[in-house]
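Colleague: Got a sequence here, can you model it:
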Amino acid sequence: MTDVTTDSGLLHEVKIHVEDTGGDGRPVVLVHGWPLSGASWKEQVPALADAGYRVVTYDRRGFGESDKPHGGYDYDTLTDDLGSLLEALDLRDVTLVGFSMGGGEVARYVTRHGEDRLRSVVFAAAVPPYLLKTDDNPEGPLTEEASGQMEEGAKGDRDAFFDQFTTDFFSAHGTLKVDEATRQEAIGLCRQSDQRALLGCMEAFGTTDFRDDLAAITVPALVIHGDADAIVPFEGSGQRTHAALRGSELVVLADGPHGINASHPAEFNAALLDFLQK
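Modeller: Take a look at the predicted model:
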């Protein structure tokens, strides 16, 4: 457990909370989804560490135990935080694993920081290539209307919003795919989020175009997604990311909701470990 101090060109440095299993294994950096924290990877950390990897998780600024500054919730700044972490820990030959919103940092990292430190990348139920439905992105699964409704919900009763969001997050075809204790744990992580971070990151993952970022990726890539994802539908995200990444591998988990790393941990971990071992 440690803190990494970032300097992303803003007035104040930001402390990012990091959990690092250490050791001499090849590093795997897990980038969490919105509005959770690095603790959401609890099903993956032991499995990866037992397989000999050095596992690093961190809390995005504004979430978990990291500092909660007034701003810096755009993808350039968030990705520079990730870059600062890799540099501070001097991590090389890294596999970056981005879940949901975290897939945006993984994509943007390559265009902002290059691939010198990278071995491979993983997009897990991730938001690229571009969520928002626009004239030049008709396949985007997020409409302006749905985005506005989500924002209004987050601005209102936070507890009610988190309750509904986590239900949708872990449900496939209307059926909850985790036990209630797991959902309540996720609600607890959501409650740690700063309201400015909650809304700022919502805008970032909903409106950022990663198509050029994906085009810059040349390292091996894995795309893993649930076929019943109600938050980031596979057809508008993972399927398109796989098509954009030449030579990428694709694993689709049957009856998988958005939160596949918690609902389908055995299948998720097996796919990730198989990719890492290649």
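Colleague: make it CA atoms for all contacts and neighbour counts henceforth
Modeller: Fine.
Colleague: worst-scoring helix or strand of the protein, pLDDT-wise?
Modeller: Within the chain, no helix or strand scores below strand 2-6, which has a mean of 81 by mean pLDDT, DSSP states H and E.
Colleague: That strand: how far from the chain's middle?
Modeller: 19 Å (Cα atoms, centre = their mean, to the nearest Å).
Colleague: Ok, stretch 225-239 next?
Modeller: Here stretch 225-239 is found 14 Å from its chain centre; the criterion is Cα atoms, centre = their mean.
Colleague: gap between the two ends of that stretch?
Modeller: Using Cα to Cα, to the nearest Å, one end of stretch 225-239 lies 9 Å from the other.
Colleague: if you average pLDDT over it, what comes out?
Modeller: Average pLDDT, stretch 225-239: 98.
Colleague: next one: stretch 118-138
Modeller: 97.
Colleague: following the least confident helix or strand of the chain, which helix or strand shows up next?
Modeller: strand 14-20 (DSSP states H and E).
Colleague: Please enumerate residues in contact with that next one?
Modeller: 1-7, 38, 54-61, 64-69, 81 (Cα atoms under 8 Å, 6 or more residues apart in numbering).
Colleague: ok, of those residues, which come out buried?
Modeller: Neighbour counting by 16 or more other Cα atoms under 10 Å classes 3-6, 38, 54-61, 64-69, 81 among these as buried.
Colleague: Give me the nearest residue to Thr167, chain neighbours excluded.
Modeller: Leu176 (6.8 Å; Cα to Cα, 6 or more residues apart in numbering).
Colleague: ok, that neighbour touching Thr166?
Modeller: No. Counting by Cα atoms under 8 Å, Thr166 is not a contact partner of Leu176; they are 9.6 Å apart.
Colleague: Pick out whichever of the two has more residues nearby.
Modeller: Between Leu176 and Thr166, counted using other Cα atoms under 10 Å, the more crowded position is Thr166 (21 against 17).
Colleague: mind listing the helices for the stretch 151-278 of the chain?
Modeller: Along the stretch 151-278 of the chain, counting by DSSP state H, counting those that start in this stretch, helices occupy 158-169, 180-191, 195-207, 211-215, 238-244, 260-263, 265-276.
Colleague: where does the stretch 1-150 of the chain dip in pLDDT?
Modeller: Scanning the stretch 1-150 of the chain for pLDDT under 70 picks out the ranges 1, 7-12.
Colleague: Let me know how buried Gly247 is, in neighbour terms.
Modeller: 13.
Colleague: residues contacting it?
Modeller: 220-221.
Colleague: What of Ser248?
Modeller: Applying Cα under 8 Å, 6+ apart, the residues near Ser248 are 220-223, 242.
Colleague: Could I get the pLDDT score of it?
Modeller: pLDDT for Ser248: 98.
Colleague: With respect to burial, which of the helices of the stretch 151-278 of the chain scores highest?
Modeller: Ranked by mean neighbour count, those are led by helix 260-263 with a mean of 24 (mean count of other Cα atoms under 10 Å).
Colleague: Output that helix in PDB, but only the C-alpha positions, please.
Modeller: Taking Å, rounded to 0.1, in the frame of the first residue of the first chain, the C-alpha atoms of helix 260-263 are listed here in PDB:
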ATOM      1  CA  ILE A 260     -18.300  -9.400 -15.200                       C
ATOM      2  CA  ASN A 261     -15.200  -9.400 -13.100                       C
ATOM      3  CA  ALA A 262     -17.400  -9.900 -10.000                       C
ATOM      4  CA  SER A 263     -20.300 -11.900 -11.500                       C
END
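Colleague: Good, wrapping up.
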